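[1] Fold the following and give me the result.
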Amino acid sequence: MRTRPRRPGRWVAVGVVIVMAAGAAAAWRTGVFSPAASSGTGQQGAPPPATSAVVREDLAATTPVSATLGYAGTYPVSGHGGGTLTWLPSPGQVITQGQVLYKTDNESPVVLLYGSVPDWRDLAEGMTGQDVSQLNHDLVQLGYASSSDIAPLGWAYYSWATALAVQKLEEHLGVSSPSGRLALGQVVFEPEALRVSEVTGHLGGAANGPVLAATSDRHVVTISLDVSAQSQVKAGDTVSVTLPNGATTPGVVSAVGTVATTTQGQNGSSTTIPVQVKLTDPQAAGTLDQAPVTVYVTTRSARNVLTVPVTALLAQSSGGYDVEVVGPGNARSYVPVTAGLFDDNSGMVQVTGALTPGERVVVAAS
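    Presented below is the predicted three-dimensional model:
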């Protein structure tokens with residue numbers, strides 16, 4: 001029996017892969033490729049073809065979008081106590097609760113404490129308020145007071161226990177004459193740890209007015225997403241982030257903005273919404289700031305579907321696809337399939353047809 005020659009359709013699959021890599025999935029459906037041949041056996045003495053298994057898995061279609069990796073939050077730090085700046089931190093330095101932000105005059109420290117209410121007055125024994133409450137909680141967290149001493153007298157009350165804890169804090173920071181009270185400008189309340197992004201004051205300058213510009217120490221990826229894609233993204237979605245060095249790290253959409261912004265460019269106007277992504281592994285970004293990255297956003301997904309490599313598809317002149325299945329003894333048969341979701345990242349495609357997981361299909365040789 002005369003064996004059937006290798007069909008030229010395999011080269012069609014190679015060309016299709018190139019088209020798909022450019023994001024032009026529609027070209028697969030043009031129906032201009034040569035038709036599939038009939039089933040048969042492999043050529044006598046021919047080397048075995050490159051094959052891949054049919055698998056059942058979850059599949060996702062992703063879209064790459066440009067984004068910026070930086071640090072979350074903006075926190076300007078201004079001095080309120082007067083005096084002269086005698087010590088300042090360095091850009092990039094991270095300052096946490098209970099640590100010194102800057103110093104004035106005779107090395108008098110200005111300390112960072114956590115709280116949503118800014119420092120706006122002197123604090124001393126007998127005073128009450130939300131600022132006192134956050135001060136008491138900070139002192140307990142730092143170990144200078146115990147909740148058993150503070151709570152009975154009231155968290156929002158500046159008691160003798162508060163004064164004693166403040167005195168311990170001052171002693172730890174090297175204050176020469178700890179008083180147990182806090183003058184305006186002696187502490188700075190901010191919601192979280194600060195990363196110094198810019199030193200706006202200068203040594204020998206006045207401690208009134210802007211001293212530091214800071215962010216949080218949490219990396220965040222910010223996407224300016226076209227409003228047309230807004231419905232495809234929601235908080236909690238998983239994404240993949242490609243860093244400037246080519247490394248890839250996972251992330252999660254943490255916030256999707258609702259206020260659109262329109263900007264003018266060389267190619268006309270664009271309307272976008274801000275989308276923020278939190279890295280699953282914060283250490284993956286190192287100390288990068290304002291770095292360009294690419295985020296792969298999942299736009300569609302399919303669960304528990306049959307998949308084959310994109311290079312296994314053979315275009316039919318009728319507009320459909322075949323895959324070439326290799327059986328025992330290198331026997332070949334062509335099985336019609338319907339292509340579904342394409343995953344450009346993995347190079348896999350969802351297929352529907354008379355296929356079974358574990359079967360081997362011919363793929364274009366790399």
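[2] From here on, just use CA atoms for contacts and neighbour counts.
    Noted.
[3] before we move on, what SS does the nearest residue to residue 104 once chain neighbours are set aside have?
    Spatial nearest neighbour of residue 104, excluding adjacent residues (CA to CA, 6 or more residues apart in numbering): residue 85 at 4.5 Å. Following DSSP: H, G, I helix; E, B strand; the rest coil, the label given to residue 85 is strand.
[4] Residue 85: what's it in contact with?
    Taking CA atoms under 8 Å, 6 or more residues apart in numbering as the criterion, residue 85 is in contact with 102, 103, 104, 105, 201, 202, 203, 204, 205, 206, 207.
[5] try 10 Å this time
    Residue 85 makes contacts with 79, 102-108, 201-208, 211, as judged by CA atoms under 10 Å, 6 or more residues apart in numbering.
[6] For residue 98, see how far away it is.
    Using CA to CA, to the nearest Å, we find residue 85 at a distance of 19 Å from residue 98.
[7] picking up where we left off before, of the contacts of residue 85, buried ones?
    Neighbour-count burial (16 or more other CA atoms under 10 Å) is assigned, among the contacts of residue 85, to 79, 102, 103, 104, 107, 108, 201, 206, 207, 208, 211.
[8] The helix or strand the third one falls within - contacts with which helices or strands?
    In other words, residue 103. Secondary structure from DSSP states H and E places residue 103 in strand 100-104. Other elements packing on strand 100-104 under the criterion 3 or more CA pairs under 10 Å, 6 or more residues apart in numbering; DSSP states H and E are strand 75-79, strand 85-87, strand 108-114, strand 187-190, strand 209-215.
[9] Format these as a markdown table; extra columns: distance to residue 321 and mean pLDDT.
    As requested, those are exported to a markdown table (distance: least, CA to CA, whole Å; pLDDT from 0 to 100):
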| stretch | distance to residue 321 | mean pLDDT |
| --- | --- | --- |
| strand 75-79 | 57 | 96 |
| strand 85-87 | 71 | 97 |
| strand 108-114 | 62 | 97 |
| strand 187-190 | 61 | 98 |
| strand 209-215 | 54 | 97 |
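[10] quick check: longest strand of this protein.
    strand 291-309 (DSSP state E).
[11] Off-centre distance for stretch 226-241?
    Once both centres are worked out by CA atoms, centre = their mean, to the nearest Å, stretch 226-241 turns out to sit 12 Å from its chain's centre.
[12] just the buried ones among the contacts of residue 85 now: which is nearest residue 152?
    residue 108 (32.3 Å; CA to CA).
[13] show me the residues around the closest one that make contact.
    Per CA under 10 Å, 6+ apart, neighbours of residue 108: 83-87, 100, 102, 170, 173-176, 186.
[14] If we use 8 Å, what do you get?
    residue 175.
[15] Residue 174 now?
    residue 109.
[16] in a helix, that's where residue 171 is, yeah?
    Yes. The assignment for residue 171, made by three-state DSSP, places it in a helix.
[17] Report how many residues lie close to residue 356.
    12 (other CA atoms under 10 Å).
[18] correct me, but it touches residue 54?
    Yes. Residue 356 is within contact range of residue 54, at 6.8 Å (criterion: CA atoms under 8 Å).
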